[in-house]
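K.L.:
my questions concern the predicted model and sequence given below.
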Amino acid sequence: MDFSLFYFANDSAAPGTDPYRLLLSGARFADERGFTAVWTPERHFHPFGGLYPNPSVAGAAVAAVTERVGIRAGSVVAPLHHPLRIAEEWAVVDNLSGGRVGLSFASGWHAVDFALRPENYEDRRSVLIETVEQVRALWRGEEMTVQDGAGRPASVRSYPRPVQPELPFWITSAGGVETFRDAGRTGAGVLTHLLGQDLDELTEKIAAYREEYAARPGADGTGHVALMVHTYLDEDDAAARSAVREPLCAYLRSSLGLILGSGAGGRRRIDPAKLKEKDIDFLVERSFERYYDEGGLLGQVDKARAQVERIRAAGVDEIACLIDFGVPDEQVLAGLEHLDRLRIACAAPAPAAAAVTA
């Protein structure tokens, strides 16, 4: 089982302090201890997550302070960007890092985020797949036909040329099985989480993904599934529970739409906006207890190790440990020592990297 670090991002830094200290310190730790990758997100127009409006910029900073750990976007919201810009920016990071880049692409779901590209909101899922293929082609050095400023067609290639001849890539899924299937058909990996789905449901979706992945003409390998989970480990379970309760409840409250799930065609079964405050409090508290016990790597190492085995049994290849969801930085950094103990205890041969670049 591979372990990586995932940032979302913590917005608790006091004024005048370095808001990126946890990112860079954690990246150095991951690099030195043998973690697989560091993932940074793309978030817009909200203080929680607002540290990361552009994961390629964050990735360049990580590249400058590390030597071997993978540098990944979790995720690039593809419909918000021109494919040429995605290919250009990440080729820079690939060069800075000596060929350590990997991208997970997402369709996006916050309507306000599409202030950047409002024309793509309605068809964002189809735009996602189209953009992924365009970025991959540009990465390989293929030309793209565009319209120039004078209204004439032009053929362009993106520069600089990346180090890796093929782009390692994933598709981000909030839990929809069709997204898993689409990722398999495309030859992508999958990046997902446990908000709105449990491990039994995830097991079925991973099986559907593997089936589609294997059915591609000339397919090799079985693909790659990375699961993002909230992570904070401590020698004392009560201390860990106390440390994560407030920030995790705040996170769950902000993610009620995902927790309550979606019906057919993406329609929510329950609209959080129609719930009373006391009902929201009840749902958040119930979700916290379930998530603390079953949804994350939270508490003591032995408890977390049992959870890793359940995750492994579901078919997951990599655990992306979300570490900056609001626990104070010093506690997070101290907890990384326990996480490294867990990583070593759960070490196993990793899947072939070529599976996500086919």
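P.N.:
Received the coordinates, thanks.
K.L.:
a helix runs through Pro162, doesn't it?
P.N.:
No: with DSSP: H, G, I helix; E, B strand; the rest coil as the criterion, Pro162 is assigned coil and is not in a helix.
K.L.:
so what's it up against?
P.N.:
Applying C-beta atoms under 8 Å, 6 or more residues apart in numbering to Pro162 gives the contacts Trp90, Ala91, Asp94, Asn95, Gly99, Val101, Trp139. In short, each C-beta sits where N, CA and C put it, glycine included.
K.L.:
one more time with 10 Å
P.N.:
87-88, 90-95, 99, 101, 138-141 (C-beta atoms under 10 Å, 6 or more residues apart in numbering).
K.L.:
which intervals of the stretch 201-350 of the chain have sub-threshold pLDDT?
P.N.:
Along the stretch 201-350 of the chain, the model assigns pLDDT under 70 to residues 255-274, 348-350.
K.L.:
try it again with 50
P.N.:
262-268, 350 (pLDDT under 50).
K.L.:
hey, where'd the helices end up in it?
P.N.:
Along the stretch 201-350 of the chain, the stretches classed as helices by DSSP state H, counting those that start in this stretch are 237-254, 256-259, 277-290, 301-313, 329-345.
K.L.:
tilt between the fourth one and helix 237-254?
P.N.:
Meaning helix 301-313. Orientation of helix 301-313 against helix 237-254 (axes from the mean of the first three to the mean of the last three C-alpha atoms, to 10 degrees) gives an angle of 50 degrees.
K.L.:
which parts of helix 301-313 are buried?
P.N.:
Val301, Lys303, Ala304, Gln307, Val308, Ile311 (16 or more other C-beta atoms under 10 Å).
K.L.:
list the contacts for the fifth one?
P.N.:
In other words, Val308. Met1, Phe3, Val229, Leu297, Val301, Val316, Ile319, Leu342, Arg343, Ala345, Cys346, Ala348.
K.L.:
which one of those has the most neighbours?
P.N.:
Highest neighbour count within these, by other C-beta atoms under 10 Å: Ile319, with 27 neighbours.
K.L.:
ok, back up a step: could the buried residues of helix 301-313 be laid out in CSV, adding distance to Pro55?
P.N.:
Below are those laid out as CSV (distance: C-beta to C-beta, whole Å):
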residue, distance to Pro55
Val301, 30
Lys303, 31
Ala304, 27
Gln307, 27
Val308, 26
Ile311, 24
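K.L.:
list the strands paired with the host helix or strand of Val190, with their directions.
P.N.:
Element membership of Val190 [criterion: DSSP states H and E] is strand 189-193. Take DSSP bridges as the rule and strand 189-193 pairs in its sheet with strand 169-172 (parallel), strand 225-233 (parallel).
K.L.:
wait, which of those strands is closest to Thr36?
P.N.:
strand 225-233 (9.0 Å; C-beta to C-beta).
K.L.:
next one: the closest one to chain centre, how far?
P.N.:
On the basis of C-alpha atoms, centre = their mean, to the nearest Å, strand 225-233 is displaced by 10 Å from the centre of the chain it belongs to.
K.L.:
list the contacts of Ala334.
P.N.:
Going by C-beta under 10 Å, 6+ apart, Ala334 touches Leu233, Asp234, Pro328.
K.L.:
bridged to the most centrally placed residue in the chain, which residues?
P.N.:
The chain has Gly74 as the residue nearest its centroid, 3.3 Å off, counting by C-alpha atoms, centre = their mean. With DSSP bridges as the criterion, Gly74 is bridged to Ser104.
K.L.:
export the helices of the stretch 201-350 of the chain to JSON lines and tack on distance to Pro162?
P.N.:
Listed next are the helices of the stretch 201-350 of the chain as JSON lines, based on distance: least, C-beta to C-beta, whole Å:
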{"stretch": "helix 237-254", "distance to Pro162": "34"}
{"stretch": "helix 256-259", "distance to Pro162": "33"}
{"stretch": "helix 277-290", "distance to Pro162": "41"}
{"stretch": "helix 301-313", "distance to Pro162": "32"}
{"stretch": "helix 329-345", "distance to Pro162": "29"}
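K.L.:
out of those, which is closest to Ala208?
P.N.:
Using C-beta to C-beta, those put helix 301-313 closest to Ala208, at 16.7 Å.
K.L.:
looking at the contacts of Val308, which one is closest to Val284?
P.N.:
Nearest to Val284 among the contacts of Val308: Val229, at 18.1 Å, using C-beta to C-beta.
K.L.:
and the closest residue in space to Ser155 that isn't next to it in sequence, what is it in contact with?
P.N.:
Using C-beta to C-beta, 6 or more residues apart in numbering and skipping the chain neighbours, the partner closest in space to Ser155 is Glu143 (4.5 Å). Contacts for Glu143 were tallied using C-beta under 10 Å, 6+ apart; they are Ala137, Ala154, Ser155, Val156, Arg157, Ser158.
K.L.:
can you add distance to Tyr251 and give the strands paired with strand 189-193 back as JSON lines?
P.N.:
Compiled in JSON lines, the strands paired with strand 189-193 are given as follows (distance: least, C-beta to C-beta, whole Å):
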{"stretch": "strand 169-172", "distance to Tyr251": "17"}
{"stretch": "strand 225-233", "distance to Tyr251": "7"}
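K.L.:
wait, which of those strands is closest to Glu119?
P.N.:
Comparing those under C-beta to C-beta, the one sitting nearest is strand 169-172, at 21.4 Å.
K.L.:
now the helix or strand just after that closest one: buried residues?
P.N.:
Next in sequence after strand 169-172, counting helices and strands by DSSP H and E, comes helix 177-186. Neighbour-count burial for helix 177-186, counted by 16+ other C-beta under 10 Å, picks out Val177, Thr179, Phe180, Arg181, Asp182, Ala183, Gly184, Thr186.
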